[in-house]
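> sequence and computational prediction follow.
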Amino acid sequence: MVNEELQNPNALLVEDDAEDRLTIKLQLEVMGFTVFDVSSAQQARELFAIRDYSIVMIHLGHAPLDSLTVCRQIRAASTVPILMITKRGELIDEELALGAGADDYVTKPIETRILSSRVTQQYKRGESQRAPRKTLLTWENLTLDLAEHLFKIGEREILLTNSEFHFLQLLMENPQRVFSKEQVLDAITALRQEAKSMESYVHQLRMKIKRNGGPDVIDVIKSTGFRLASIPADARQSSAS
């Protein structure tokens, strides 16, 4: 039981068996979680994109490849603890679940004591490692307001598509990290339909920002991926003076 320590944490539960979903949801609620439960990987993607979670639980279920894919997508975008729910005799085993980015797993039929222990352990680990999420991201004269879903260059508000906004958010929240094309597509699934070429998509976004008075914000690492551009040393010195 960890309800005395929880401060309105959210749990995302993906379970295609209605009876099991209700059982697990009720146990998580008893533990102090606000539970958002869905039956499919697609619904999970949509819910994960709109709020923060303290833990995610995914049953491999009748569509194990979809479940593994959404696990990889969540892991690409977040460090949130992921617990996979497996079932004895299912084709996808625990090794694949862990390889997809899950932190641990529980096996059906689930014992209440074991579920409580695993969830508590992963929740505490996640909270100890998680820094408070910023709602205002800045880089040179760019501002990304996550709470208001606004992007500004200086004082001027610039309209971005949802995918453009989330792409900049991904880079600005991880300024030192290089993201491969596949990692970007896993984190922002809408781009799979929108971007015929990631390179041209990134070029158009860079030009859009520069046309509106912004800097060259995205570095393209040849044959590797994309990252937030480094602020030139002279710009850092002038801003500090």
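Ah, there it is.

> tell me the centre residue of this structure?
residue 77 (3.2 Å; CA atoms, centre = their mean).

> which residue is the nearest non-sequential neighbour of it?
Take residue 77 and drop its neighbours on the chain: the residue closest to it by CB to CB, 6 or more residues apart in numbering is residue 187, 4.0 Å away. Yep, even glycine has a C-beta here, placed from its N, CA and C like the rest.

> what's the burial count for the one you found?
Using other CB atoms under 10 Å, residue 187 is surrounded by 22 other residues.

> now do the same contact list for it.
Residues near residue 187 by CB atoms under 8 Å, 6 or more residues apart in numbering: 73, 76, 77, 166, 170, 179.

> just the ones of those in helices?
Counting by DSSP state H, the contacts of residue 187 place 73, 76, 77, 166, 170 in helices.

> and the pLDDT for residue 121?
As predicted, residue 121 sits at a pLDDT of 91.

> quick one: buried residues of the longest helix along the chain?
The longest helix of the chain (DSSP H) is helix 112-129. Buried residues in helix 112-129, counted by 16 or more other CB atoms under 10 Å: 115, 116, 118, 119, 120, 122, 123, 126, 127.

> and if you look at stretch 55-64?
Here stretch 55-64 shows 55, 56, 57, 58, 59, 60, 61, 64 as buried, counting by 16+ other CB under 10 Å.

> any idea how far that stretch is from the chain center?
16 Å (CA atoms, centre = their mean, to the nearest Å).

> what is the burial count for the residue nearest to residue 76 when sequence neighbours are not counted?
Distances taken as CB to CB, 6+ apart place residue 186 nearest to residue 76, at 4.2 Å, with adjacent residues excluded. Using other CB under 10 Å, residue 186 has 21 neighbouring residues.

> mind checking pLDDT for residue 186?
73.

> try residue 177
84.

> tell me the SS of it?
coil (DSSP: H, G, I helix; E, B strand; the rest coil).

> which parts of this protein belong to which domain?
What automatic domain parsing lists as the domains of the chain is 10-129, 136-240.

> deepest-packed of these, please.
Compared across those, domain 10-129 shows the largest average neighbour count, a mean of 18 (mean count of other CB atoms under 10 Å).

> how far does it stretch from start to finish?
17 Å (CA to CA, to the nearest Å).

> hang on, the earlier thing: compute the distance between the residue nearest to the centre of the chain and residue 204, please.
22 Å (CB to CB, to the nearest Å).

> and if you look at residue 165?
14 Å.

> cool, residue 40 as well?
Counting by CB to CB, the gap from residue 40 to residue 204 is 32 Å.

> ok, residue 85 next?
41 Å.

> swap in residue 17?
44 Å.

> can you map out the helices along this protein?
So, for the chain - with DSSP H - the helices run 18-30, 41-48, 64-77, 94-99, 112-129, 162-173, 181-187, 191-194, 198-211, 233-240.

> coming back round to it: right, and the residue nearest to residue 76 touches residue 71 too?
No: using CB atoms under 8 Å, residue 186 makes no contact with residue 71, being 10.1 Å away.

> returning to what we had before: now distance to residue 212 and pLDDT too, for the ones in helices among the contacts of residue 187, in CSV please.
Output for those, formatted as CSV (distance: CB to CB, whole Å; pLDDT from 0 to 100):
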residue, distance to residue 212, pLDDT
73, 30, 88
76, 29, 83
77, 27, 80
166, 19, 89
170, 20, 88
